[in-house]
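Visitor: I'll drop the sequence and a predicted model, then ask my questions.
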Amino acid sequence: MILEVYNGCFEYTQGQPVLQNIAFHLDCGQIMAVMGRNGIGKTTLIKCIVGILKWNRGYSTVDGVRSQVGKPMKSVGYVPQAHKVSFSYSVRDMVVFGKVGHQSYLAAPGDSDYALADQILDKVGIYDLRNHSCNELSGGQLQLVFIARALINSPKLLVLDEPEAHLDFRNQIRLIKLIKNVVSDNNIACIINTHYPNHALRIADKCFLLGEQDYIEGRTLQIMTDDNIQKYFGVYSHAYQFRYKDENITAFTFLDEV
Ligand SMILES: Nc1ncnc2c1ncn2[C@@H]1O[C@H](COP(=O)(O)OP(=O)(O)OP(=O)(O)O)[C@@H](O)[C@H]1O
C-alpha cells in the first residue's frame, strides 16, 4: 500500500467541514480518479494528502510516512492546478530544478540531471520545447512542463490536480496514456482530480466521488454509474460500452440537469 488516508477531516472555518472521515488506500500500480462538483473539496483533499494543509483530525501516509505541513515528501510528485504565471526559466531548467529542490539549495544540477530531464521531456512529448523560456509557453504546454518536473524525482505517488484543464483533445489522450504508462512502467500510484468521467473510466482503477455529506469510493465501474452521476453531480447521463482495439470502453453522455 503506497497511500493511506485514515479518518481524514478538514475544515477551513470552524464548524464548516469540507472533508469528513475520509478513509481509503491506494496500492502501487493503481490510479484513483477523484471527482465531484466544483468547490466540493477535491483540491483540499489533495492538499491534505501532500501536506500543504494539515488534517484537523485523522492522518494520511505516503509509503508509510505521515504527511506534515512544511515537509515536502520526496516520494510525492505533485502537480497543482495550472495557473498561467511568469517563469523566466527555460523548460529544461524548470524540470531540473524540480530535482535540485529536494537537495541542498547550494547544489547545482549536473549533466546527468539534464540528461534525465531530456529523457522525461521526450516521454511527456515536449522535448522540442526544452530550450524555450517558460514565459513563451501556452497554458497546456506549461502544464506538461510541470508534469515532467514532478516526474524527475521518481515519485512513488503522483498527484495531479486537473492536469487536462488546458489541453486540446490530442494532448488529453496523450496525457492519460502517459499517466497510465508512467504508473505501470514504474509501479507507482497516482491520484488525479478530474472533471472528465470518460478519462476516469479509461485509466482509473478506482474512483472517489466526493459529495456534500458523504463520499463513495471503489472500483471505477462500480462507482461511475448513471445513478451515482445523478446523485453526485445532479445530471442525467447515459453510459454506453463499445470495443476499441481489444479494449472494452465505457463512456458517458450527459443528457440534462436534474
Ligand atoms: N484557502 C481557503 N480558505 C477558505 N476556504 C477555502 C479555501 N480554499 C478553498 N476553500 C473552500 O473550500 C471548498 C472546497 O474547495 P476546493 O478547492 O477543495 O474545491 P474543488 O472540489 O477542488 O473545486 P473545483 O472543482 O472548482 O476546483 C470551497 O467551498 C472553497 O470555497
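Guide: Done, it's in.
Visitor: where exactly do the helices run in the protein?
Guide: 42-50, 91-100, 111-124, 139-151, 169-186, 197-203, 220-223, 226-233 (DSSP state H).
Visitor: Buried ones in the last one, by neighbour count?
Guide: Within helix 226-233, the residues scored as buried using 16 or more other C-beta atoms under 10 Å are 228, 229, 232, 233. From N, CA and C alone the C-beta is placed, and that goes for glycine too.
Visitor: got these as a markdown table, with distance to the ligand and pLDDT columns?
Guide: Shown next, in a markdown table, are the buried residues of helix 226-233 (distance: C-beta to the nearest ligand atom, whole Å; pLDDT from 0 to 100):
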| residue | distance to the ligand | pLDDT |
| --- | --- | --- |
| 228 | 17 | 96 |
| 229 | 15 | 95 |
| 232 | 12 | 96 |
| 233 | 11 | 95 |
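Visitor: does the residue nearest to the spatial centre of the chain have beta-bridge partners, and which?
Guide: Note on the chain: the residue nearest the mean C-alpha position is residue 160, at 1.8 Å, using C-alpha atoms, centre = their mean. Assessed by DSSP bridges, residue 160 has beta-bridge partners residue 79, residue 192.
Visitor: and the residue nearest to residue 127 when sequence neighbours are not counted, how far is that from the ligand?
Guide: Nearest residue to residue 127, sequence neighbours excluded (C-beta to C-beta, 6 or more residues apart in numbering): residue 121, at 4.6 Å. The gap separating residue 121 from the ligand is 27 Å, by C-beta to the nearest ligand atom, to the nearest Å.
Visitor: count of neighbours near residue 121?
Guide: 23 (other C-beta atoms under 10 Å).
Visitor: What residues does it make contact with?
Guide: 91, 92, 95, 127, 129, 130, 148 (C-beta atoms under 8 Å, 6 or more residues apart in numbering).
Visitor: Same question for residue 197.
Guide: By C-beta under 8 Å, 6+ apart, the contact set of residue 197 is 35, 224, 229, 252.
Visitor: Quick check: beta-bridge partners of the nearest residue to residue 219 once chain neighbours are set aside?
Guide: Nearest non-adjacent residue to residue 219, counting by C-beta to C-beta, 6+ apart: residue 206, 6.3 Å away. Beta-bridge pairing of residue 206 under DSSP bridges involves residue 32, residue 219.
Visitor: Surely residue 206 and residue 221 touch.
Guide: No - using C-beta atoms under 8 Å, residue 206 is not in contact with residue 221, being 10.4 Å away.
Visitor: Look at these two and report which has more neighbours.
Guide: Neighbour comparison, residue 206 and residue 221: the larger count goes to residue 206, with 22 against 14 (by other C-beta under 10 Å).
Visitor: So which residues on this structure come close to the ligand?
Guide: Contact residues (C-beta under 6 Å from any ligand atom) of the chain with the ligand: 12, 18, 36, 38, 39, 40, 41, 42, 43, 44.
Visitor: which residues sit in contact with residue 186?
Guide: residue 154 are the contacts of residue 186 under C-beta under 8 Å, 6+ apart.
Visitor: what's the distance between it and residue 244?
Guide: 26 Å (C-beta to C-beta, to the nearest Å).
Visitor: tally of neighbours for the residue lying closest to residue 184 once chain neighbours are set aside?
Guide: Among residues not flanking residue 184 along the chain, residue 29 sits closest, at 6.3 Å (C-beta to C-beta, 6+ apart). Other residues lying near residue 29 total 14 when counted by other C-beta under 10 Å.
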